[in-house]
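Novice: just a sequence and a predicted model for now, questions to come.
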Amino acid sequence: MKKIILFSIILMSAASFAQSDKNDDSQETKFVYNREGLSPKNITTYIDGKKKENMASKAEKWLDEKYGNFEDVLSKSDKSDEGETAKGNKKVTFTGLTNNAICFTEKSNYICGDIECKIELRFKDGEYRFRPINMFYKTSSSKKSKKINFQKNKFYSNDGKIIEGYEKVLSQVENLLNNLNKSLLNYLTDKEQEEEW
């Protein structure tokens, strides 16, 4: 009998030590942008005890602070369907503009441009999903926006090397997305906001 009790205690101890905080910074999931494109396609973050309605409402306030007016960056479909999904989750899709977020060298000229990024946020009780949908950049010298492809990275040449002058673009895309997600998480959990850019 003592062996069974001892075994049970050891088993319970091992199980409790095996559990880890889902938001542990050491295992934090981050976006990576490389030759294959963006991975992962989305990041789900767990926040114990938070209701989806409260998180969606706070996300709208976060968008107000970040971009000036929540209604201006909200996607048209979200304005009409009030942000509900078929599964009853709360959804917010927005398009945000970040000035001078991408810089590269082209024909010996150092150029910086603005990035416009469309992001979908889905909220369930205790978690949210951050999913980049698309991203474009535009410089003052270009008339049209250029797409940053999330499926296949266009900043690489056919021989597999980063195109000269675009070496920093990969980390700039990663930093923009990771910092946006971190800023949202900090806002939802009432942590001190950091300067993202």
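Specialist: Looks like it came in fine.
Novice: so which residues of the protein form strands?
Specialist: Using DSSP state E, the strands of the chain run over residues 32-34, 37-39, 43-46, 90-106, 109-124, 127-139, 146-147.
Novice: what lines up beside the last one in the sheet?
Specialist: In other words, strand 146-147. strand 127-139 (antiparallel) (DSSP bridges).
Novice: any buried residues in the strand it pairs with, and which?
Specialist: Within strand 127-139, the residues scored as buried using 16 or more other CB atoms under 10 Å are Glu127, Tyr128, Phe130, Pro132, Met135, Phe136, Tyr137, Lys138, Thr139. Where C-beta positions appear, they are placed from N, C-alpha and C, glycine not excepted.
Novice: how far does the lengthiest helix in the chain sit from its chain's centre?
Specialist: For the chain, the helix that runs over the most residues, judged by DSSP state H, is helix 169-188. Here helix 169-188 is found 6 Å from its chain centre; the criterion is CA atoms, centre = their mean, to the nearest Å.
Novice: make residue 1 into 718 and carry on from there
Specialist: Sure, I'll start numbering at 718, so the last one becomes helix 886-905.
Novice: which helices and strands does that helix pack with?
Specialist: strand 749-751, strand 760-763, helix 769-784, strand 807-823, strand 826-841, strand 844-856 (3 or more CB pairs under 8 Å, 6 or more residues apart in numbering; DSSP states H and E).
Novice: now the third one and strand 844-856, what's the angle there?
Specialist: Helix 769-784 and strand 844-856 are oriented at 20 degrees to each other (axes from the mean of the first three to the mean of the last three CA atoms, to 10 degrees).
Novice: CSV for the strands of the chain, including mean pLDDT?
Specialist: Listed next are the strands of the chain as CSV, based on pLDDT from 0 to 100:
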stretch, mean pLDDT
strand 749-751, 95
strand 754-756, 95
strand 760-763, 96
strand 807-823, 90
strand 826-841, 93
strand 844-856, 95
strand 863-864, 92
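Novice: output these as CSV; include the columns distance to Val886.
Specialist: Output for the strands of the chain, formatted as CSV (distance: least, CB to CB, whole Å):
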stretch, distance to Val886
strand 749-751, 8
strand 754-756, 13
strand 760-763, 21
strand 807-823, 6
strand 826-841, 10
strand 844-856, 9
strand 863-864, 11
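Novice: among the ones you listed, which comes closest to Gly882?
Specialist: Across those, Gly882 has its closest neighbour in strand 807-823 (3.5 Å, CB to CB).
Novice: all good on my end, thank you.
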